[in-house]
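here you go, sequence then predicted model.
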Amino acid sequence: MTVDLGRRLASAASPTARRKLGIELKGLREAAGLNIDQAANAAGISDSHLSRIERGRVGVRPLTLKALLQTYGADAEVTNRLAKTAADTTKRGDKGWWQPYAAAISEKYASLIAFESEATSIKAFGPMVVPGLLQTEDYARALLQRGPVRLKAEEIETRVEVRTSRQAILDQGDPPSVWIILDEGVIRRMVGGPDVMRRQLLRLVDFASRPNVDLQVIPYAAGAHAGTLGPLVILGFPEGEDVVYCETYAGDLYPEAVASYGDVFNRLAQDALSGDKSTELLRRAAEGIK
């Protein structure tokens, strides 16, 4: 294994561990009655750095962790446990199914997969194409063939395999709740030709019938809406705040303004058709393809 691949594996394995550590540190800080500024000053770091640690965006160095735990008055048991947790955030993971693909996908995309594997709720808005979790293989392949990045045939097939493998979380025993909102342009854009698009639309109709899936479409008649800046994914966890993922031309992002993205999603839901009307629109669109 090359050093570069090893680093990718470590990065792919660490996001969920970082998030859990950040949640515990935030809880200790609040229990100590300290705000971000006070705790950061006492530990000798910036408030923005401490905020990123608590959000799981970055790991924490041993000396910084020690300073934070001393500031919070943590006892020996908590100190030892969190020191081990912090060490786990830098260990090379070997349990995620995506590890064999680490050399073929970006670190931030690997992080998305890691977050998805533990999320209890997933909200996604697709303004241009169907979000990856609900794409058929042929639809995903057509997108990658015509996408912004020029890929070789074998690279495309690897990414299709990764994208469709992500969907296994929807069929597990206790699947996450999934709420997808699409712009109507998504279901009108002929990706991959008539047959591919028809199967994709029928796949959406099938997904919409599942008890853990809500699917809505924002009709053209709604006009301009809150999602004009692009796609977004909001991942929810029972023990901490949400994680937001955005895919852009400049690269994948994990914005920190989580609440504002939640507000955007809620506004999109208000502009969208109901679930039943959205499903009927999808069915009619599929039937109308010649």
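Alright, I've got the coordinates. Given the structure is predicted, the values throughout are model-derived calculations rather than measurements. Numbers count the residues shown, from 1 in each chain.

all helices for the stretch 101-250 of the chain, in order.
Assigned by DSSP state H, counting those that start in this stretch, the helices in the stretch 101-250 of the chain fall at 107-118, 137-145, 153-165, 184-188, 194-208.

do you know which of the ones you listed lies nearest Asn80?
Asn80 sits nearest to helix 107-118 of all the helices of the stretch 101-250 of the chain, at 24.1 Å, using CB to CB. For the C-beta atoms, the positions are set from N, CA and C on the backbone; glycine is no exception.

quick one: the closest one to helix 153-165, angle?
Counting by axes from the mean of the first three to the mean of the last three CA atoms, to 10 degrees, helix 107-118 points 30 degrees away from the direction of helix 153-165.

sheet partners, orientation included, of the top strand by length along the chain?
Taking DSSP state E as the criterion, the chain has its longest strand at strand 240-248. Its sheet considered, strand 240-248 pairs with strand 232-237 (antiparallel), strand 251-253 (antiparallel) by DSSP bridges.

circling back: select, out of the helices of the stretch 101-250 of the chain, the one closest to Pro127.
helix 184-188 (7.3 Å).

and Val129, what does it touch?
By CB atoms under 8 Å, 6 or more residues apart in numbering, the contact list for Val129 reads 135, 143, 186, 189, 191.

now do 6 Å
143, 186 (CB atoms under 6 Å, 6 or more residues apart in numbering).

number the chain from 181, please
Noted, 181 is the first residue going forward, which turns the last one into Val309.

pLDDT at it, what is it?
Listed pLDDT for Val309 reads 97.

the one 4 residues further on now?
Looking at Leu313, its pLDDT is 94.

quick one on the thing from earlier: tell me the buried residues in the longest strand of the chain?
420-427 (16 or more other CB atoms under 10 Å).
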